[in-house]
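Chemist: Got a predicted model here, sequence first, then my questions.
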Amino acid sequence: MSAVHGLSEVAGRAAQAESTSRSVAWLNETAIGEAATKVSRSLDRERTALSRPGLSAVEPSPTWRTRLAALVDPARDEGIEAAPADPFAAAAQAEADADAAVAVAGLALTEAHRAVLRAREAALRAGDSEAVATAVRGYRPLKPGSVPVRYGKALQSGTSSEFSNVVRTKPRPILIKLAIGLGLGLGYLLFLRLFQWDTKSEILPYLAPYALSGVIGGVVCTNALSWDATRVRRALTSGERLWLLLLSKNATMFVLVGAAGLLLSVLFAWRAGDFSTLLKALGELATMMLIWLGVGNVLSVILPLRVEPLKMRFKDGTLRPFLFSFVTSYVIGLGVNLILTWKIWAKQSMIAELGGAWVPVLMLVFTALVTYLLLTVLAVSLADQPRIRRALLREMVDYKTAETARPLNSPLPAPAPGSAQEATNQQVTNQEVTERKNQNT
């Protein structure tokens, strides 16, 4: 349960705060100011993350939504009274405020402890089954039927929706990157032909993965969850499983990149005049795509990065992570291809002994498939960790609507007029207005 993990993290933060308070140079005002600035930045990041609509189809009750909304309000610190002019009175007032803040934190920790225990009690009372775990994670139950059929239909529907979005939704950035990769491959083939460098072209069929490594290893795959943040968030809040969403995206990219890679491999093999190497080239292409899709799933979860224009990255401090992701994707992509090419050539003796390339190539693709599945399971497991989930909340956002994002207390679409949900929302709104009036007075 993520709530249990979150409580453990809160306890770890308390220990970290104790360590900081003991290690900071209490007689050095500069060191104390730097520590306070660091904590303030962390507080701002946490508030920004928690102010985003959640990724679960189940939202907190109105009471807890109101309490959390008050804590993540950006103007929360603006209402703090100014310190007295007398330095002695200011020091005494700051100490009293710190005592009150510590008391509030202690009470909040105790309340969180009680809430986690009650959540676990409710789960046990409901049967503690797989259906309960699914409901706790915020997933909607699938239609009745066998498990393979249910998930097969869900994967087919998700892949179809993903494919339609990639092909039809403008400005079609993924198709543009695919076209660039295909164009580079065709241009390289033309270059070899014009300068007659293809007289010894036995390695030509292996060049297709290199032309497409920038596509399959680029930001589209390594940042899949934030690449189309609005639609991904909508899918998760409607109850779609994260692993189904990742598989749908991976299947779409595998088909699109595989089609371009197949075309390039056939052209290279035709130019080389040796179609016997085509099977090995296709095996290398499939292996490269599977490994990179698995790596991309993990990076999409642990290193999410919002998609925005380059000029915006200078303002919000995401330029350095973006450059790091860009360079890493291309360096690792080319490195993976070099290793795969070396493994293909290293299996020449095995190919000769087995009388063909089918068995070594199938073994290579099978190991890549197992690696992909393990990496995807790792990505889904990491997404349940509170710290990583908050990073997803902070970065999985459309930069155009980031400033006008809905507040935490209304993450879902407006309910129908006259419904019970509308009455509940109105009650919460009235309660917030009353609290703000009390704060102003």
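Modeler: Right, received. Where do you want to start?
Chemist: per-domain residue ranges of this structure.
Modeler: The chain breaks down by automatic domain parsing into domains covering 2-50+59-137, 147-395, 414-441.
Chemist: Quickly compare these and say which is most buried.
Modeler: Most buried of the domains of the chain, by mean neighbour count (mean count of other C-beta atoms under 10 Å): domain 147-395, with a mean of 18. All C-beta spots, glycine's among them, are computed from the backbone N, C-alpha and C.
Chemist: Just the mean pLDDT for that one, thanks.
Modeler: What domain 147-395 shows for mean pLDDT is 78.
Chemist: go on, stretch 114-121?
Modeler: According to the model, stretch 114-121 has a mean pLDDT of 86.
Chemist: what sits up against it?
Modeler: Residues from elsewhere that reach stretch 114-121 (C-beta atoms under 8 Å, 6 or more residues apart in numbering): Met1, Ala3, Val4, Leu7, Val136.
Chemist: Kindly recompute the last result at 10 Å.
Modeler: With contacts defined as C-beta atoms under 10 Å, 6 or more residues apart in numbering, stretch 114-121 is touched by Met1, Ala3, Val4, His5, Gly6, Leu7, Ser8, Val10, Trp64, Asp128, Val136.
Chemist: chain center to it: distance?
Modeler: Chain-centre distance of stretch 114-121: 28 Å, with C-alpha atoms, centre = their mean, to the nearest Å.
Chemist: Dump it to CSV, keeping only the CA atoms.
Modeler: Only the C-alpha atoms of stretch 114-121 are listed here, as CSV (Å, rounded to 0.1, in the frame of the first residue of the first chain):
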residue,chain,number,x,y,z
ARG,A,114,-4.0,6.5,12.7
ALA,A,115,-5.3,6.9,9.1
VAL,A,116,-2.9,4.3,7.8
LEU,A,117,-4.0,1.8,10.4
ARG,A,118,-7.6,2.5,9.6
ALA,A,119,-6.9,2.0,5.9
ARG,A,120,-5.3,-1.3,6.6
GLU,A,121,-8.2,-2.3,8.9
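Chemist: And the next helix or strand past the longest helix along the chain?
Modeler: With secondary structure taken from DSSP state H, the chain has its longest helix at helix 87-125. Heading C-terminal from helix 87-125, the first helix or strand you meet, by DSSP states H and E, is helix 130-136.
Chemist: other SSEs contacting that following helix?
Modeler: Applying 3 or more C-beta pairs under 10 Å, 6 or more residues apart in numbering; DSSP states H and E, one finds that helix 130-136 contacts helix 87-125.
Chemist: For the helix it packs on, what is the distance to the chain centroid?
Modeler: Mean-position distance between helix 87-125 and its chain equals 31 Å (C-alpha atoms, centre = their mean).
Chemist: For the remainder of this discussion, apply numbering that starts at 7.
Modeler: With 7 as the first residue, the last one maps to helix 93-131.
Chemist: pLDDT-wise, what's the bottom of the contacts of stretch 120-127?
Modeler: Minimum confidence in the contacts of stretch 120-127 sits at Met7, scoring 51.
Chemist: tell me which element the one residue sitting closest to the centre of the chain is part of?
Modeler: With distances taken as C-alpha atoms, centre = their mean, the residue of the chain nearest its centroid is Val307 (3.4 Å). Element membership for Val307, per DSSP H and E: helix 284-308.
Chemist: Helices of the stretch 257-406 of the chain, start to end?
Modeler: Ranges of helices in the stretch 257-406 of the chain, per DSSP state H, counting those that start in this stretch, are 284-308, 316-322, 325-352, 354-360, 364-388, 392-401.
Chemist: Between those helices, which one is closest to Asn229.
Modeler: Across the helices of the stretch 257-406 of the chain, Asn229 has its closest neighbour in helix 284-308 (5.8 Å, C-beta to C-beta).
Chemist: Could you quantify the relative orientation of that closest one and helix 325-352 as an angle?
Modeler: If you take axes from the mean of the first three to the mean of the last three C-alpha atoms, to 10 degrees, helix 284-308 sits at 150 degrees to helix 325-352.
Chemist: list the helices and strands helix 284-308 packs on?
Modeler: On a contact count with 3+ C-beta pairs under 10 Å, 6+ apart, helix 284-308 meets helix 214-222, helix 225-228, helix 230-233, helix 248-278, helix 325-352, helix 364-388, helix 392-401.
Chemist: try it again with 7 Å
Modeler: Contacts defined by 3 or more C-beta pairs under 7 Å, 6 or more residues apart in numbering; DSSP states H and E place helix 284-308 against helix 214-222, helix 225-228, helix 230-233, helix 248-278, helix 325-352, helix 364-388.
Chemist: Can you give the distance from it to the centre of its chain?
Modeler: How far helix 284-308 lies from its chain's middle: 18 Å, per C-alpha atoms, centre = their mean.
Chemist: and if you look at stretch 76-89?
Modeler: The chain centre lies 31 Å from the centre of stretch 76-89; the measure is C-alpha atoms, centre = their mean.
Chemist: how long is that stretch from one end to the other?
Modeler: Terminal residues of stretch 76-89 are spaced 23 Å apart (C-alpha to C-alpha, to the nearest Å).
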